[in-house]
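Predicted model follows, preceded by the sequence.
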Amino acid sequence: MYAMIKDRYDLGSKFKKLIAARDGLDNYGGMSSMSAEGTTHTVRKEEQVAFSNWINRNLSGDPDCIRYLPLNPETRDLYMKCYDGILFCKMINISQSGTIDERTINKGKLNVYQIRENLTLAVNSAQSIGCNIVNIGPEDLQAGKPHLVLGLLWQIIRIGLLSDINLHDHPGLVLLLGENESIEEFMKLSPEEMLIRWVNYHLARSNCGRRIANFTSDIQDSIAYIHLIHQISPRDAGVTTAAEHELDLHMRAERMLQEADKINCRNFVSPNDVVQGNYKLNLAFVADLFNSHPGLDNAAIGEFDLGDFQEETREEKMYRNWINSMGVNPGVYHLYSDLSDGLVIFQLYETIRPGSVDWNYVIKEFHRMRIMMEKIENCNYAVKLGKQSRFSLVGIDGKDIYDGNPTLTLALVWQLMRAYTLSVLSKLAVHDDHIIAEKEIVEWANDKLASAGKKSRIHGFNDQSIADSKAIIDLVDACKPGSVKYDLVKAGHTQQERLDNAKYAISMARKIGARVYALPDDIVEVKAKMVMTIFACIMIKDFQPQAARKDSVLKN
């Protein structure tokens, strides 16, 4: 009787058995003393295989990676060989070229400190390109925690795959516009939505009678893929649609992938991933197809007026990456349209000061007939919160945010980023409840430089001497003595030398633990706002050990 009752009502045991039995899943117990008991992290084996193969393909020609590759996708090779940070750093640069200055990566035979530096550089650089690294630290990657390694790798790979799906890199995307749809409206689509449009555009041209609305159930029978690959492939590639006559779904998927292999695009998915409708891997597969063979005739876009199209600016991209790294949901692809309902802005306020948003005033689901007024109402509340936080928002109201006014929206986003940076800094300050101001950051920087015997000084964040990055480089070395290789620092007489120094300065700051979002050009052009964030982030890093000691004293 007991056995019968236990079997019927012990849902916990049933659930664990069900999870363990699912095909393609590996279960790992917690990998820390706090989480080891009663915690299970599920890892999809197919993602391990796909990401290992993608790394093998992209880094096979890199001499620094010879000793790591090829990764065996069927074993724990991926987790064991990512432990020193080099593969992560390399993949970040594959995703977003030039993010990490190669001169700052520790290579060769590494000690434990050099390994930690590489991993810190990788984590902070990943955050700078928009990865959400909440609960992911260097120690997790060094320990090879599978769910965290795969989670970060997916974000890095995804950003790289989707970053070029825009009108600047592919003007031919205008061919996907719907009837009476403006370019402005089209640009509000996410990269995934654009890819679905792209697939359907080619399916329509193939006259196969199929369309898709997702990368899960609609692709499971491989028919859409068979006709897509046939449509985009070069005529001399020998690609056919014969696979559609195969009755077995797994065999059909395999034959479809053999056709993809003819155009060097057999990546990410196995036949089972297609039949099972694995969203991540099918999205990656289609994005890779698009990046390799878009099949969009640029000569046919003459009828479209691209005169009003504006490429995303460096400043907009940096702010968008910062917002995404905060872990907002949904992610931000197009800065102005994705902030126009206020919901992402409220999440940022909550991150800066938990409890600051009264969610009773926030409309989370919009009525179809009142959507415009409800979104403006949210944006009005977002501006009100900014004024309560003493932001300078004179002449800005909710309608400006809803309309996506670039100047006024950027003014709000900049002040959110500034408030976040200064709030983190203030929490680490020696004196409780003391709000750090820009003047104090300048004073701290000069004191730190002087105490380390450095000759560099700054008079403010618009000081033109900052353009050669030497003050920032000296400050990094003052915070972590001996970290800078001064033989790599250039005189800074030419534009290129200043840019090289700026790249080195930013990567070195990230390497010692500063979460810098600014870009090298911001330093060379002495963009005061962005320069301030660099010094503030280095100051945060310098304050962290002091804050930790203070907490330890208080606890004791």
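Yes, it's here.

what are the ranges of the helices in the stretch 351-500 of the chain?
371-388, 398-403, 406-428, 438-451, 470-479, 495-511 (DSSP state H, counting those that start in this stretch).

Need the contact partners of the second one.
With contact meaning C-beta atoms under 8 Å, 6 or more residues apart in numbering, helix 398-403 is reached by 339-342, 345, 372, 375-383, 408-409, 412. Bear in mind the C-beta positions are built from the backbone N, C-alpha and C, glycine included.

Could you measure from residue 532 over to residue 540?
12 Å (C-beta to C-beta, to the nearest Å).

ok, residue 544 touching residue 514?
No: applying C-beta atoms under 8 Å, one finds residue 544 not in contact with residue 514, separated by 10.0 Å.

So for the two, which residue has more residues nearby?
Shown here are residue 544 and residue 514; by other C-beta atoms under 10 Å, residue 514 has more neighbours (26 against 14).

now the more buried one, what's its secondary structure?
coil (DSSP: H, G, I helix; E, B strand; the rest coil).

Please identify the helix or strand for residue 43.
strand 40-44 (DSSP states H and E).

Past that strand, which element shows up next along the chain?
helix 45-59.

Tell me which residues of that next one come out buried.
Judged by neighbour count (16 or more other C-beta atoms under 10 Å), helix 45-59 contains these buried residues: 46-56, 58-59.

What of stretch 508-524?
508-520, 522-524.

In these, find the pair that's most separated.
Of all pairs drawn from the buried residues of stretch 508-524, the one with the longest distance (C-beta to C-beta) is 513 and 524, at 23.6 Å.

so where's the stretch 451-556 of the chain uncertain?
Within the stretch 451-556 of the chain, the segments meeting pLDDT under 70 span 546-556.

and if we set it to 50?
For the stretch 451-556 of the chain, the stretches with pLDDT under 50 are 553-554, 556.

re the thing from before, quick check on the contacts of helix 398-403: which are buried?
339-342, 345, 375-383, 408-409, 412.

Run through the strands of the protein in chain order.
Ranges of strands within the chain are 25-29, 40-44, based on DSSP state E.

just flag whichever of those strands has the lowest average confidence.
Ranked by mean pLDDT, the strands of the chain bottom out at strand 25-29, with a mean of 58.

Counting neighbours, what do you get for residue 277?
Residue 277: 15 neighbours (other C-beta under 10 Å).

Torsion angles phi and psi at it?
Dihedral pair for residue 277: phi 70, psi 50, per degrees, to the nearest 10.

Relative to residue 163, how far out is residue 320?
Counting by C-beta to C-beta, the gap from residue 320 to residue 163 is 11 Å.

Kindly report the same for residue 204.
Distance from residue 204 to residue 163, by C-beta to C-beta: 26 Å.

So for those two, which sits in the more crowded spot?
residue 163 (18 against 13).

re earlier: and residue 64, which of the helices of the stretch 351-500 of the chain is closest to it?
helix 495-511 (15.5 Å).

how about the closest one: buried residues?
Neighbour-count burial for helix 495-511 flags 497-511 (criterion: 16+ other C-beta under 10 Å).

Stretch 283-293 too?
283, 284, 285, 286, 287, 288, 289, 290, 291, 293.

who's in contact with the nearest residue to the fourth one once chain neighbours are set aside?
Just to be clear, that refers to residue 286. Spatial nearest neighbour of residue 286, excluding adjacent residues (C-beta to C-beta, 6 or more residues apart in numbering): residue 195 at 5.3 Å. Residues counted as contacts of residue 195 (C-beta under 8 Å, 6+ apart) are 165, 215, 283, 286, 287, 290.

ok, how many other residues are close to the first one?
I take that to be residue 165. Considering only other C-beta under 10 Å, residue 165 is surrounded by 22 other residues.

my read: it touches residue 289, true?
No: counting by C-beta under 8 Å, residue 165 stays clear of residue 289, with 11.6 Å between them.

Can you show me the helices along the stretch 51-200 of the chain?
77-81, 86-95, 112-128, 138-142, 146-162, 183-186, 191-206.

pLDDT on the fourth one, on average?
Per-residue confidence for helix 138-142 averages out to 97 on the pLDDT scale.

who's in contact with that helix?
82-85, 88, 115-116, 119-120, 122-123, 148-149, 152.

so how far is that helix from its chain's centroid?
Here helix 138-142 shows a centroid-to-chain-centroid distance of 18 Å under the convention C-alpha atoms, centre = their mean, to the nearest Å.

Can you give me the buried ones in it?
138, 140, 141, 142.

what's the distance between the first one and residue 118?
When distance is defined by C-beta to C-beta, residue 138 is 8 Å away from residue 118.
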